[in-house]
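Participant: generate a structure from the sequence data that follows.
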Amino acid sequence: MIPRELHDLLLKQYGDAQTAAIEEGYAAERIVSFRYNPVRGKGDPAARLAERGIEARRAKWYADAYLVEGAREDALRETELYKNGEIYLQSLSSMLPPLYLSPAAGETVLDMTAAPGGKTTELYALSGGKALITACERDGVRFERLRYNLARQGAGRVTALKCDALALDDAFSFDKILLDAPCTGSGTLSPCKPTRFSESYLLRCAALQEKLLKKALRLLKKGGEMVYSTCSVLRQENEEILEKCLGSGAVLQPIEPLEGLPLLPSGAGTLCVCPTREYEGFFLAKIKKVE
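Facilitator: Got it, this is the predicted structure:
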C-alpha cells in the first residue's frame, strides 16, 4: 500500500502516466542483483554460480554488476562466493554513484554516510585499492556492519571513522566526496519493503540533506568533484537541495545516462532512475567545486 501523502506528491511532480509507472515499479518483485568484487574475486562468478544451478547475467553498463533470475538472496548467501567476499549483494541503482565519482589511485575520497559499506567497497575496488578512502558512520551498530563488510571485501586501506560527517573539522579536504544522503526511501518501495513516509519525515530528511551537502562543499578541494545521491524520486530531496546549496563556487557537471537506465524527468544534468523490476528509484548529481 502506497502512503497517500507520497502518491499525492508523485502525482503533483510527475503527472498521471509517470506516477503510474513509478507505482508499477513499486509493486514489482525486484530481481536480485550483486556486484563482483575483483579485490577478492577468483574468476567468473556467473560460471561458478551456474554450477549451483543459479543463473546470473551481466548488466549492460558495468562488467562487475550481475542480475540473478529465479533465485533469492538467501541462495546467494549460502555460496562460497558470498562467504569469501567475492560478491556483494547490492541493488543496481546503488552501484551508480561510485561509478560516476570514478575514484583514481592516490586520490583522497570521503564517503560521508558509508554504512553498510556497499558503495565504500565499490569505490575501493574501482580504484584498484589505491584511493585513500575515509568512510564515516555515526550509528554504532551500522558502524560495526561497515567494518565487517570492509574486512570481508578486502578493503583494508579504508579509514573507517565512527563519527557524524557533520562533525568533521573543516580543515580536512578531499579530492572527491560521495554523499549518498539519508532520505525517505521514496524510490525503494517494494512488496517486501514498505516505507514510513510522511511529509514531516520528508521535511526532516530535506533539512539534514541540506546540512550534509553544504558540509561536503566545505570539505571538497577546489577543482574537486563530488556525487550527491539519494534513493528518492522527490524534488524536495533532490533538485531543491541542489538549488539551495549550489552557487558560484560549485557547479553541476552534467552526467550522461548509462545504457538501459529507465529514467524519470529530472533537473538538467542530473539523473533520476525510475523504479522497475530491475532498479530502485535513485537520484544522482555530480558537482565540481570551482572556487
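
Participant: can you dump the C-alpha coordinates of stretch 89-101 into CSV?
Facilitator: These are the backbone C-alpha positions of stretch 89-101, laid out as CSV (Å, rounded to 0.1, in the frame of the first residue of the first chain):
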residue,chain,number,x,y,z
LEU,A,89,24.5,-8.2,-2.7
GLN,A,90,23.7,-4.7,-3.9
SER,A,91,21.0,-3.0,-5.9
LEU,A,92,21.9,-1.9,-9.4
SER,A,93,20.9,1.6,-8.7
SER,A,94,23.2,1.9,-5.6
MET,A,95,26.2,0.9,-7.8
LEU,A,96,25.8,4.1,-9.9
PRO,A,97,27.2,6.8,-7.5
PRO,A,98,30.7,5.2,-7.2
LEU,A,99,30.8,4.7,-11.0
TYR,A,100,30.1,8.4,-11.6
LEU,A,101,32.5,9.5,-9.0
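
Participant: need the residues that contact that stretch.
Facilitator: 30, 32-35, 59, 62, 65, 67, 73, 76-77, 82, 109, 118-119, 122-123, 126, 176, 178, 180, 187, 225-227, 229, 231, 255, 258, 271, 273, 278-282, 284, 286 (Cβ atoms under 8 Å, 6 or more residues apart in numbering). C-beta here means a position set from N, CA and C on the backbone, and glycine is covered the same way.

Participant: just the buried ones from those, in PyMOL syntax?
Facilitator: Per 16 or more other Cβ atoms under 10 Å, the buried members of the contacts of stretch 89-101 correspond to this PyMOL selection:
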select buried, resi 30+32+33+34+35+59+62+65+67+76+82+109+118+119+122+123+126+176+178+180+187+225+226+227+229+231+271+273+278+279+280+281+282+284+286
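
Participant: poorly predicted segments of the stretch 1-150 of the chain, please.
Facilitator: The model of the stretch 1-150 of the chain has no residue with pLDDT under 70.

Participant: how about 80 then?
Facilitator: Within the stretch 1-150 of the chain, the segments meeting pLDDT under 80 span 1.

Participant: do you have the strands of it handy? List them.
Facilitator: 32-36, 55-59, 62-69, 87-89, 108-111, 132-136 (DSSP state E, counting those that start in this stretch).

Participant: may I see those strands organised as JSON lines, with distance to Ala155 added?
Facilitator: Conversion of the strands of the stretch 1-150 of the chain to JSON lines gives the following (distance: least, Cβ to Cβ, whole Å):
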{"stretch": "strand 32-36", "distance to Ala155": "13"}
{"stretch": "strand 55-59", "distance to Ala155": "22"}
{"stretch": "strand 62-69", "distance to Ala155": "15"}
{"stretch": "strand 87-89", "distance to Ala155": "11"}
{"stretch": "strand 108-111", "distance to Ala155": "11"}
{"stretch": "strand 132-136", "distance to Ala155": "8"}
